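> model this:
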Amino acid sequence: MSKGQIIKALSGFYYIASDNKVYQTRARGIFRKRGQSPLVGDYVEFESQTLQEGVLTKIEKRKNELIRPPMANIDSAVLVMSALEPSFSTLLVDRFLVYLEAKDIKPVIYITKMDLLNEVETAQIKAYQTMYQSIGYPVWLSQEGDVDSSDFIDSLANQVVLFMGQSGVGKSTLLNQLLPSLDLETAAISKSLGRGKHTTRHVALHQVKQALIADTPGFSSVELDQIEKEDLPYLFPEFRKYSPNCKFRECSHRHEPDCAVKAALVEGKIYQSRYDHYCQFMDEIIDRKPKYQRKS
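Numbering: from 1, shown residues only. Reported below is the predicted structural model:
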């Protein structure tokens, strides 16, 4: 019995990295009966006599998993956003950050196309950089052809890393620069839609120095349908800092008296845009229609 990690899933085959080798395997039928599906990133046990013919026998417990893209055991996610074309959106960034916090995935913000900005626009993006860094999120700024791959990749060492963000933000271009052998297809921005074309077709983990990096299909947003209103306040790190001082333990930080989070907002210790987005997400969760499952 051998152990390893799935680095690619394609056409019913699971490719497992183990002891500096990659084994092609198929999953046992028992997984299908249990309603389980092996995912890229899974730590597994398998049996194999050759590199081409193996059987995946066990999936270890996951620390997290995503449906889209189908991955497991992700340590960090690089949220690739463009400064322009498409324009930078703090609402979209905060939506991604809440989603990642809920999945216990460390976010890293990477802003591309800085060379397209004028002085005023550059100052605005740098103000956003200061805001997110003060909350605790790493923020990298880059322009076309300017990727300090050494420092950036070193910061992701010994982690399984997911790249995510809107289509057209330069995600595949960035990955091509980090690992030219990937030779990912890139596509121009669709002027009529204001967003890019999807260019990435399947998920695979690639060794880049000491990091395992996944390329994933670009998508414009994420759903918050698995987040409950009681959990949302804990998905904002700056709220967690002040909430122990709230009068009520289950404070929603909206209508209750003696709320330490609202007091910090008034004192300028919490950014207004972050609080506004929190309220917007809370309303979305409260207004969410319940999902009913059909009886079998």
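
> CA only for contacts and neighbour counts going forward, please
Will do.

> hmm, what's the outermost residue in the protein?
Each residue of the chain has a distance to the centre, and by CA atoms, centre = their mean the biggest one is for Gln49: 36.2 Å.

> Show me which positions of stretch 234-251 end up buried.
Within stretch 234-251, the residues scored as buried using 16 or more other CA atoms under 10 Å are Tyr234, Leu235, Phe236, Glu238, Phe239, Tyr242, Ser243, Cys246, Cys251.

> For the residue farthest from the centre of the chain, give me the pLDDT.
At Gln49, the model reports a pLDDT of 89.

> can you put the buried residues of stretch 234-251 in a markdown table and add pLDDT?
Converted to a markdown table, these look like this (pLDDT from 0 to 100):
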| residue | pLDDT |
| --- | --- |
| Tyr234 | 96 |
| Leu235 | 98 |
| Phe236 | 98 |
| Glu238 | 97 |
| Phe239 | 97 |
| Tyr242 | 97 |
| Ser243 | 96 |
| Cys246 | 97 |
| Cys251 | 96 |
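
> ok, back up a step: backbone phi and psi for the residue farthest from the centre of the chain, please?
phi -100, psi -30 (degrees, to the nearest 10).

> and the gap between it and Ile30?
As judged by CA to CA, to the nearest Å, Gln49 and Ile30 stand 21 Å apart.

> Please report the distance of the residue nearest to Thr25 when sequence neighbours are not counted from His206.
Nearest residue to Thr25, sequence neighbours excluded (CA to CA, 6 or more residues apart in numbering): Gly54, at 4.2 Å. Separation of Gly54 from His206 (CA to CA): 21 Å.

> Show me the shaky parts of the stretch 1-150 of the chain.
Residue ranges of the stretch 1-150 of the chain with pLDDT under 70: 143-149.

> which residues in it form helices?
Counting by DSSP state H, counting those that start in this stretch, the stretch 1-150 of the chain has helices at residues 29-33, 90-102, 119-135, 149-154.

> For Arg274, pull up the helix or strand it's in.
Per DSSP states H and E, Arg274 falls inside helix 272-286.

> got the buried residues for that helix?
With burial defined by 16+ other CA under 10 Å, the residues of helix 272-286 counted as buried are Arg274, Tyr275, His277, Tyr278, Cys279, Phe281, Met282, Ile285.

> Select, from these, the two members most distant in space.
Arg274 and Ile285 (16.5 Å; CA to CA).

> Ile153: what's it in contact with?
By CA atoms under 8 Å, 6 or more residues apart in numbering, Ile153 lies in contact with Val208, Lys209, Gln210, Ala211.

> Tell me what the residue nearest to Thr25 is bridged to.
Beta-bridge partners recorded for Gly54 (DSSP bridges): Thr25, Ser48.

> if I pick it, what's in contact with it?
So Gly54 contacts Tyr23, Gln24, Thr25, Arg26, Phe46, Glu47, Ser48 (CA under 8 Å, 6+ apart).

> What is the neighbour count of the fourth one?
Around Arg26 there are 20 other residues, counting by other CA atoms under 10 Å.

> For it, list the residues it contacts.
Gly12, Phe13, Tyr14, Glu53, Gly54, Val55, Leu56.

> So the third one is in contact with Ile6, correct?
Just to be clear, that refers to Tyr14. Yes: contact status for Tyr14 versus Ile6: in contact at 6.4 Å, counting by CA atoms under 8 Å.

> So for these two, which residue has more residues nearby?
More crowded of Tyr14 and Ile6, by other CA under 10 Å: Ile6, with 27 against 24.
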